[in-house]
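Visitor: Curious how this folds, go ahead:
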Amino acid sequence: MKKQFKRMRLRSVSAVAAMAFAAHSAWAVEPFKLRDIRVEGLQRVEAGTIFASLPFRIGDDYNDDKGSGAIRSLFALGLFKDVRLEVDGDVLVVVVEERPTVADVDFAGTKEFDKDTLKKAMRDVGLTEGRPFDKALADRAEQELKRQYINRSLYGATVVTTVTPIERNRVNLTFTVTEGEPAKIKDIHIVGNQAFSESTLKGLFDLDTGGWLSWYTKSDRYARSKLNADLETLRSYYLSRGYLEFRIDSTQVAISPNKEDISITVNVTEGQRYVVSGVRLEGNYLGRDDEFKSLVKIEPGEAYNADQVAQTTKAFTDYFSNFGFAFAKVEAVPEVDRVNNRVAFVLQAEPSRRAYVRRISVSGNNRTRDEVIRREFRQFESSWYDGDKIKRSRDRVDRLGYFTNVDIDTQEVAGSPDQVDLVINVTEKPTGSLQVGAGFSSAEKVALSFSVKQENVFGSGNYLGLDVNTSRYNRVVVLSTTDPYFTQDGISRTFDLYHRASRPYSDQGGNYRLITSGASVRFGVPFSETDTVFFGGGGERTEIKPGTNIPASFLSYAEQVGYVSYSLPLTVGWSRDSRDSALVPNSGRYQRFNSEWGVAGDARYVRANYQFQQYIPLGKKFTIAFNSEVGAGKGLNGRPFPIFKNFYAGGLGSVRGFDQGTLGPRDVTGSSIGGAKKINFNLEVMAPLPGAGNDRTLRVFGFVDAGNVYGENETVDFSTMRASVGLGLSWISPVGPLRLAIANPVRKFAGDRIQRLQFQIGTSF
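Guide: Residues are numbered from 1 along each chain as shown. As a prediction, the model looks like this:
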């Protein structure tokens, strides 16, 4: 009778009933042996997921405690809205009600963010298509959306979540956003300053009260991270000017009731200005005290400068690392004389233990092969730790141009106090470039140029480039490829294949052509960490196709050498680059020398050019950039210098304000034919665009250009040089680097072709 009663009774247990099981309530089920387990209510979840979560199997004894544990385990999966256990005789029936799954997540009213950015934020909190829907998860997603808007100073943004059930137990989620107006900084006050004016100190901040360019920079939008960075700039400003005890007491950020205006107040205590009275060394300096003293940047008699102190301690630890002491500790201890406002520094050093590198690993290179990075390293595994070699290794990896960031992390090896591991952390960037240009003139009409380049083909570190120009007068196809490690010693090899069909600019038209086809191979041999020598050779075929209005200089050359000429040019070159950045340089120097010698064939000549660039930073914002380029060519063995090897000047990269390549000698037909000698000077003063803070990717510059080209038998005459002045804009825009210049020629001559506005833009993929 008892068994029959158990078989007929259906026992339902919910989450609340699970607590009752634990309390041995009147609804308790007498223990029995499980003959079978059935699952009901499944739609998408696999039955195996249920069975794997149950704390018992068929044949086990079942009791109330095990039932409570089963319910807790099933709810912990997060897949079910309700779970019930029903007992049918000696069969346990698990009845579940699945949570609906998210079919789609959509956003309405969003203007500040694109939907992909918001969907990524939702994925980060666990809310995405195909996941079970949970009201608590939706609430957390709503709060994350509001947080994203607060980061953009949209404090008044409201979010309403709409859940729409659809077929097959699914839901659509829609987040409707009312963004409102962004909260903007109304005023910034600095309280407690005496040594410097408030306007001077506020000028250090990237945050401001807005300007004509705020729509782009968003500098008038408050962000805690930006304010913290500005406060560090303020602190550094005082500490580098003698104010040893300067401190920021408090910062108040107040928002108006309508959540649209923000006021920032910074309270500071300047303290007294201190002068350095002396510097002395204490500790173990490896018997190289004089060498370390030469690294001291702190100047006695000068105002205290925290930057000099930091530079000194860093120079000491770096120098220790050159001898294998990776864990050297150097501390600059101040001895403050508050009566006389003087401070002396004691540089205490403890080299600790010497270490060697056990292992070097690479992280973050999803595309670039490990060997491409490792071959740039000058620090080797199982060698003594050498800070100078590690720094050079990092710089060499950075100069590859494949990464936006390169860091080297030194990690101690557990249980081996004299060993370290090095981890190279890189952040890859797109290494392909696509550049499209267009121009219009009365003679050439529309001219299109196209180039596609990949500096890191398939992550191998090799370069591949294709340049195409479809100008009516200049048609060019150039294919180039470089293997930077043709040999294990770092000798590079470059192949060039090119075909050019061109004729100089002429107002009178004409259908003559200068057609050059050729191929070359060039090798680069690194002679030091910064110097590379290039040499190579190739073969060229040049044809002068006569036609109407052909320049007389072309005919003269053809009469002496022939309409078709062959040459075998050998090339030798050298380069050195110490710029801090190839894209937005602020300091450093770049030099390049190239020479070409036609040793065989119809064209016999020598041609060379040298370029020098210097960047000098003037404080935090301004940079002076100087560029010069000189070139010369001469015919050999009584033959004229090939006219198709002439230099050209005018336009971007030369003397701005003049039409591209139109300076120098002209033919009787009016054609610009270039010259065998070239000289060019450029001077720029660069600064961030007003209203853009200290953004180096958006800069304005004023420039002075001068230069010209001269014929083979002409003397370089500075009185005939053309010159221009103007203003320009350099912007690393979302679609690629853009450079625009508006120039006014200040020295020009009759017949010069003027082009006041010139620009160039490219993009990356």
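Visitor: From here on, just use CA atoms for contacts and neighbour counts.
Guide: OK.
Visitor: Show the end-to-end separation of stretch 575-593, please.
Guide: 6 Å (C-alpha to C-alpha, to the nearest Å).
Visitor: cool, stretch 652-660 as well?
Guide: Start and end residues of stretch 652-660 are separated by 7 Å (C-alpha to C-alpha).
Visitor: In contact with the nearest residue to Leu689 once chain neighbours are set aside, which residues?
Guide: Among residues not flanking Leu689 along the chain, Arg699 sits closest, at 4.9 Å (C-alpha to C-alpha, 6 or more residues apart in numbering). Residues in contact with Arg699 (C-alpha atoms under 8 Å, 6 or more residues apart in numbering) are 686-689, 729-731.
Visitor: Among the residues you listed, name the buried ones.
Guide: For these, a burial check counting by 16 or more other C-alpha atoms under 10 Å picks out 686-689, 729-731.
Visitor: With distance to Arg367 added, can I get the contacts of Arg699 in TSV?
Guide: As requested, those are exported to TSV (distance: C-alpha to C-alpha, whole Å):
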residue	distance to Arg367
Met686	35
Ala687	36
Pro688	34
Leu689	35
Leu729	34
Ser730	30
Trp731	28
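Visitor: For Leu201, state which of those residues is nearest.
Guide: Nearest to Leu201 among those: Pro688, at 17.8 Å, using C-alpha to C-alpha.
Visitor: Distance of the closest one relative to Leu286?
Guide: As judged by C-alpha to C-alpha, Pro688 and Leu286 stand 46 Å apart.
Visitor: Am I right that Asp187 is in contact with Ile264?
Guide: Yes: using C-alpha atoms under 8 Å, Asp187 is in contact with Ile264, at 6.4 Å.
Visitor: quick one, which of these two is more surrounded?
Guide: Ile264 (17 against 14; other C-alpha atoms under 10 Å).
Visitor: right, and the helix or strand after the strand or helix carrying the more buried one?
Guide: According to DSSP states H and E, Ile264 maps onto strand 261-269. Proceeding N to C from strand 261-269, the next assigned helix or strand is strand 275-283, under DSSP H and E.
Visitor: In the next helix-or-strand element following that next one, which residues are buried?
Guide: Next in sequence after strand 275-283, counting helices and strands by DSSP H and E, comes helix 289-293. Across helix 289-293, burial judged by 16+ other C-alpha under 10 Å covers Phe292.
Visitor: going forward, begin numbering at 29 instead of 1
Guide: Okay, using 29 as the starting number, the last item reads as helix 317-321.
Visitor: average pLDDT for helix 317-321?
Guide: Averaged over helix 317-321, pLDDT sits at 92.
Visitor: How about stretch 251-268?
Guide: Stretch 251-268 carries an average pLDDT of 91.
Visitor: residues making contact with it?
Guide: Residues outside stretch 251-268 that contact it (C-alpha under 8 Å, 6+ apart) are 179-181, 229, 232-235, 272, 274-276, 298, 332-336.
Visitor: Counting only helices, which of those make the cut?
Guide: Using DSSP state H, 179, 229, 334-336 are the members of those that sit in helices.
Visitor: For stretch 492-503, measure first residue to last.
Guide: 20 Å.
Visitor: would you say Thr145 is within a helix?
Guide: Yes: going by DSSP: H, G, I helix; E, B strand; the rest coil, the assignment for Thr145 places it inside a helix.
Visitor: From Gly158, how far off is it?
Guide: Distance of Thr145 to Gly158, given as C-alpha to C-alpha: 19 Å.
Visitor: Looking at the two, which one has more neighbours?
Guide: Higher neighbour count among Thr145 and Gly158: Gly158, with 12 against 9, using other C-alpha under 10 Å.
Visitor: returning to what we had before: CA atoms only: put the strand holding Ile292 into CSV for me.
Guide: The C-alpha trace of strand 289-297 is given here as CSV (Å, rounded to 0.1, in the frame of the first residue of the first chain):
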residue,chain,number,x,y,z
ASP,A,289,27.7,72.5,-17.3
ILE,A,290,30.8,71.4,-15.4
SER,A,291,33.0,73.5,-13.1
ILE,A,292,36.5,72.3,-12.1
THR,A,293,38.4,73.7,-9.1
VAL,A,294,41.9,72.6,-8.3
ASN,A,295,43.4,73.6,-4.9
VAL,A,296,47.2,73.7,-4.7
THR,A,297,49.9,74.5,-2.2
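Visitor: Just give me the residue closest to the centre of the protein.
Guide: Geometric centre of the chain, nearest residue: Thr432, 3.7 Å, by C-alpha atoms, centre = their mean.
Visitor: what does the helix or strand harbouring that one rub up against?
Guide: According to DSSP H and E, Thr432 maps onto strand 431-441. The contact list for strand 431-441 (C-alpha under 8 Å, 6+ apart) reads 422, 425-426, 447-457.
Visitor: ok, back up a step: return the members of the contacts of stretch 251-268 classed as buried.
Guide: Burial by neighbour count, 16+ other C-alpha under 10 Å: within those this picks out 180-181, 229, 232-235, 272, 274-276, 298, 332-334.
Visitor: how much space between Arg381 and Trp412?
Guide: 12 Å.
Visitor: what do you get for Leu229?
Guide: Distance, Leu229 to Trp412, by C-alpha to C-alpha: 47 Å.
Visitor: Report the residue spans of the stretch 429-578 of the chain with pLDDT below the cut-off.
Guide: Where the stretch 429-578 of the chain drops to pLDDT under 70, the residues are 461-478, 498-502, 531-538.
Visitor: Go again with 90.
Guide: 429-448, 454-506, 512-518, 528-543, 554-560, 571-578 (pLDDT under 90).
Visitor: Show me where the stretch 229-378 of the chain has its strands.
Guide: Assigned by DSSP state E, counting those that start in this stretch, the strands in the stretch 229-378 of the chain fall at 275-283, 289-297, 303-311, 357-365, 370-378.
Visitor: any chance you could map the helices in the stretch 329-478 of the chain?
Guide: 334-349, 398-402, 415-427 (DSSP state H, counting those that start in this stretch).
Visitor: buried stuff in the longest one?
Guide: Which is helix 334-349. Neighbour-count burial for helix 334-349, counted by 16+ other C-alpha under 10 Å, picks out 334, 337, 340-349.
Visitor: Tyr250 touches Lys214, doesn't it?
Guide: No: counting by C-alpha under 8 Å, Tyr250 sits too far from Lys214 to count as a contact (10.1 Å).
Visitor: shared neighbours, those two?
Guide: Common neighbours of Tyr250 and Lys214, using C-alpha under 8 Å, 6+ apart, are Ile290.
Visitor: tally of neighbours for the nearest residue to Glu378 once chain neighbours are set aside?
Guide: Spatial nearest neighbour of Glu378, chain neighbours left out: Lys357 (5.2 Å); criterion: C-alpha to C-alpha, 6+ apart. Per other C-alpha under 10 Å, the neighbour tally for Lys357 reads 16.
Visitor: Please apply the same query to Gln222.
Guide: Counted with other C-alpha under 10 Å, residues neighbouring Gln222 total 11.
Visitor: Equivalent analysis for Glu399, please.
Guide: For Glu399, the neighbour count with other C-alpha under 10 Å is 13.
Visitor: ok, now which ones touch the closest residue to Asp733 other than its chain neighbours?
Guide: Spatial nearest neighbour of Asp733, excluding adjacent residues (C-alpha to C-alpha, 6+ apart): Asn710 at 4.6 Å. Shown in contact with Asn710 (C-alpha under 8 Å, 6+ apart): 654-656, 682-683, 731-734.
Visitor: ditto for Ser391
Guide: Residues near Ser391 by C-alpha under 8 Å, 6+ apart: 451-454.
Visitor: Please look at Leu726 and Leu757 and confirm they touch.
Guide: Yes: the pair Leu726 / Leu757 is scored as a contact, 7.5 Å apart, by C-alpha under 8 Å.
Visitor: if we can go back for a sec, mind giving me a markdown table with the buried residues of helix 334-349 and columns for distance to Tyr266?
Guide: Listed next are the buried residues of helix 334-349 as a markdown table, based on distance: C-alpha to C-alpha, whole Å:
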| residue | distance to Tyr266 |
| --- | --- |
| Ala334 | 9 |
| Val337 | 14 |
| Thr340 | 19 |
| Thr341 | 20 |
| Lys342 | 21 |
| Ala343 | 22 |
| Phe344 | 24 |
| Thr345 | 25 |
| Asp346 | 26 |
| Tyr347 | 28 |
| Phe348 | 30 |
| Ser349 | 31 |
